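1. Quick one: sequence plus predicted model below, questions after.
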Amino acid sequence: SQTIHQWPATLVQPVGSPLSLECTVEGTSNPNLYWYRQAAGRGLQLLFYSVGIGQISSEVPQNLSASRPQDRQFILSSKKLLLSDSGFYLCAFYKAGPSYNEQFFGPGTRLTVL
Amino acid sequence: QKEVEQDPGPLSVPEGAIVSLNCTYSNSAFQYFMWYRQYSRKGPELLMYTYSSGNKEDGRFTAQVDKSSKYISLFIRDSQPSDSATYLCAMRIAGFQKLVFGTGTRLLVSP
């Protein structure tokens, strides 16, 4: 079966420190992958999506970057964190099922920047 | 104006009540409509998926789409405390995988 993993689950980082969040998918090949940020009361904001290795599309210009070094690995990074980078980061992949063809989410990483 | 509007709640109901959650949207090109359920500090999980207009039922859950009014609903019958969560509506255009989400409605079902 297809599963998605994220780590770490929680992270507390000081302002100005670097960031690396990892997402991996199992049970599928060449998935479309997505990074979202969820801030309180603001819903899900699409940050990046990738249709293949090395192919990254950015939805919102910001302090973050994404990379896809392997087919089923998606990484979200920052060189210097800002307070406004705090939030719940979710990775998702596109999954086709018997009655659907939609995005499925990982467990998320809660990032607090102090 | 946001593309998708959703009342943030919270919506508080007693156990056993019928719950109605709603979203309105502005883009008439949306054809696929989803409801995701998100428990506190967890990732969203796909709950209901519908294409175009009409109703879809799955157990205690019914998803309804009215494209003429640009209005979608999720009904929960015989609500349970375990239904307490945030419900996110999402939609997309055919041929595109990008989802547009509502901000979510927080539902609290008290025993």
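-> Yes, it's here. Residues are numbered from 1 along each chain as shown, chains lettered A, B, ... in the order given.
2. Could you give the bridge partners of B:Tyr87?
-> B:Arg37, B:Thr105 (DSSP bridges).
3. Roughly how far does it sit from B:Trp35?
-> To B:Trp35, B:Tyr87 is 6 Å away according to C-beta to C-beta, to the nearest Å. To be clear about C-beta, it is placed using only N, CA and C from the backbone, and glycine gets the same treatment.
4. For those two, list the residues in contact with both.
-> Each of B:21, B:47, B:74 lies in contact with both B:Tyr87 and B:Trp35 under the rule C-beta atoms under 8 Å, 6 or more residues apart in numbering or on different chains.
5. Which one of those is nearest to chain A?
-> Chain A lies nearest to B:Leu47 out of the shared contacts of B:Tyr87 and B:Trp35, by C-beta to the nearest C-beta, at 10.7 Å.
6. what about the helix or strand hosting the closest one, near chain A?
-> Using DSSP states H and E, B:Leu47 sits within strand B:45-51. Yes - between strand B:45-51 and chain A, judged by C-beta under 8 Å from any C-beta of the partner chain, the touching residues are B:45-46, B:49.
7. Just the buried ones from the residues you listed, in PyMOL syntax?
-> PyMOL command restricting the residues of strand B:45-51 next to chain A to the buried ones, with burial defined by 16 or more other C-beta atoms under 10 Å in any protein chain shown:
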select buried, chain B and resi 46+49
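8. Need the residues of strand B:45-51 next to chain A in TSV (columns: pLDDT).
-> Output for these, formatted as TSV (pLDDT from 0 to 100):
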residue	pLDDT
B:Glu45	94
B:Leu46	92
B:Tyr49	90
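9. Which single one of the residues of strand B:45-51 next to chain A is nearest to B:Phe30?
-> Nearest to B:Phe30, judged by C-beta to C-beta, of these is B:Tyr49 at 13.3 Å.
10. can I assume that closest one is in contact with B:Gln31?
-> No - at 11.9 Å, B:Tyr49 does not count as touching B:Gln31 under the criterion of C-beta atoms under 8 Å.
11. and the angle from the helix or strand that the strand holding B:Leu47 is followed by to strand B:45-51?
-> Next helix or strand after strand B:45-51 toward the C-terminus (DSSP H and E): strand B:54-58. On the basis of axes from the mean of the first three to the mean of the last three C-alpha atoms, to 10 degrees, strand B:54-58 is oriented at 150 degrees to strand B:45-51.
12. packing partners for strand B:54-58?
-> strand B:45-51, strand B:61-66 (3 or more C-beta pairs under 8 Å, 6 or more residues apart in numbering or on different chains; DSSP states H and E).
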